[in-house]
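*Asks:* Pasted the sequence and its predicted model underneath.
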Amino acid sequence: MMGTVRTVRTDGNAVTATDSGLLGPLGLLVVLVVADIVVPRINLTGFYGLVPLLASASATGAPVATVIVGLAAVAASVVSGAWEDFGSGQHVTACVLVAIQACVAVYVAVMRLRRERELGRARAVADVAQRALLPAVPGTVDGIAFAARYLSAAAETLVGGDLYEVVTAPAGTRMIIGDVKGKGLPAVRLTTVVLGAFREAAVVYPEIERVAEACARAVSREAGAEDFVTALIVDIQPDGTLWLISAGHPPPILLSGDSARPLQITEPSPPLGIAEHFTATTGRWDPGDRLLLFTDGLIEARNSERAFFRLDDHLAALAAVTLDAALDRLVSHVHGHVGGNLHDDLALLIAERLPTMITRTVESVGTLHGRTAGRL
């Protein structure tokens, strides 16, 4: 689940009696006509043509509404001869000027509607592409429940430089959350590289270290000299064992009962694209425990006074509710802290070990992961 999608309707030919795009300009035209009649020795007829121009430039200036306003302005300019010198050169010139302005206004409204439709189609294609990049995480798989949220700092995009994914593999359930250095299209391109490498490596390699190495190689091939990706990779075993690799990324928060604490990474590594080899840290979670993964857009969110968002003060809101409700609460708290204006992308991924985990047959789990008794 990736937050709210805003849908903009550009129905250019929809005109109603209460449409401000029609009533507002017509009201202004009436004011000009009345002023033209009441105020002596001032001819305002030439200004009637400004009304359809304003109608075409307004937020609701549809072509049909602009045509109606334009025709009304032309008709008013002709009728103005009743209190002006009808048929005089000045009157005819004013009428022609109003007619030209009305035609220009209709042209502007038509071109504007065409651009809005083209932009709408482009945004629709971009939305589909971005949703394909970060599809919804599974609701429940192998006795683990998941939920995720993504908030892009750029208003025109749904996905930026943050990433997350959940993959079910023979060796366990794998999760990744990461943050690409930079923004815009280059960051999105590198996001696709990391996700593609992770999705393939997570089902091919039994060892989580090799999964991280495959992601790092992919970043090194595609990234620029100064580009890198921070990432946290988590491997969840059916017995509740966790294996974690942090490549320059904040550790996850373990929510267990009434307590919440970050899982300490004993041997953190530099980001993907800088590090080549990785060492996993082991951990565990019990039924009912939750694991919160996040990008630094959460803990580095600042308010108007430049104060950071204090995650510890809001962890209690993540318990005793559904996973979706927990993330909704957290997102609401972040928005309240920053005043609704994020300055960095934010990704959240939460997982809960259900009371009854689905036991899968995994032959020689220790052998698959290449662990020794000493490392455990």
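*Replies:* Yep, it's here.

*Asks:* Which of the three states applies to Arg149?
*Replies:* strand (DSSP: H, G, I helix; E, B strand; the rest coil).

*Asks:* Can you name the next helix or strand after the longest helix along the chain?
*Replies:* Counting residues, the longest helix in the chain under DSSP state H turns out to be helix 89-133. As assigned by DSSP states H and E, the chain's next helix or strand after helix 89-133 is strand 140-141.

*Asks:* Please state the offset of that next one from the chain centre?
*Replies:* Counting by Cα atoms, centre = their mean, to the nearest Å, strand 140-141 is centred 25 Å from the centre of its parent chain.

*Asks:* Sheet-wise, list the partners of it with their directions.
*Replies:* Here strand 140-141 has these sheet partners by DSSP bridges: strand 144-151 (antiparallel).

*Asks:* Now do the partner strand: everything it contacts.
*Replies:* 1-3, 134, 136-140, 158-159, 162, 164, 166, 173, 236, 297, 322-324, 326-328, 330-331, 334, 342, 345-354, 357 (Cβ atoms under 8 Å, 6 or more residues apart in numbering). Yep, even glycine has a C-beta here, placed from its N, CA and C like the rest.

*Asks:* Out of the residues you listed, list just those in strands.
*Replies:* 140, 162, 164, 166, 173, 236, 346-353 (DSSP state E).

*Asks:* now these as a markdown table including neighbour count?
*Replies:* Shown next, in a markdown table, are the ones in strands among the contacts of strand 144-151 (neighbours: other Cβ atoms under 10 Å):
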| residue | neighbour count |
| --- | --- |
| Thr140 | 12 |
| Asp162 | 26 |
| Tyr164 | 24 |
| Val166 | 22 |
| Thr173 | 22 |
| Ile236 | 25 |
| Leu346 | 28 |
| Ala347 | 26 |
| Leu348 | 23 |
| Leu349 | 27 |
| Ile350 | 24 |
| Ala351 | 24 |
| Glu352 | 21 |
| Arg353 | 21 |
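
*Asks:* Turn the residues you listed into a markdown table, columns for pLDDT and distance to Ala316.
*Replies:* Listed next are the ones in strands among the contacts of strand 144-151 as a markdown table, based on pLDDT from 0 to 100; distance: Cβ to Cβ, whole Å:
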| residue | pLDDT | distance to Ala316 |
| --- | --- | --- |
| Thr140 | 92 | 24 |
| Asp162 | 88 | 25 |
| Tyr164 | 94 | 23 |
| Val166 | 95 | 25 |
| Thr173 | 95 | 27 |
| Ile236 | 96 | 24 |
| Leu346 | 89 | 20 |
| Ala347 | 92 | 22 |
| Leu348 | 95 | 16 |
| Leu349 | 96 | 19 |
| Ile350 | 96 | 14 |
| Ala351 | 97 | 18 |
| Glu352 | 96 | 16 |
| Arg353 | 96 | 19 |
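
*Asks:* ok, so of the residues you listed, who is nearest Ile68?
*Replies:* Leu346 (45.8 Å; Cβ to Cβ).
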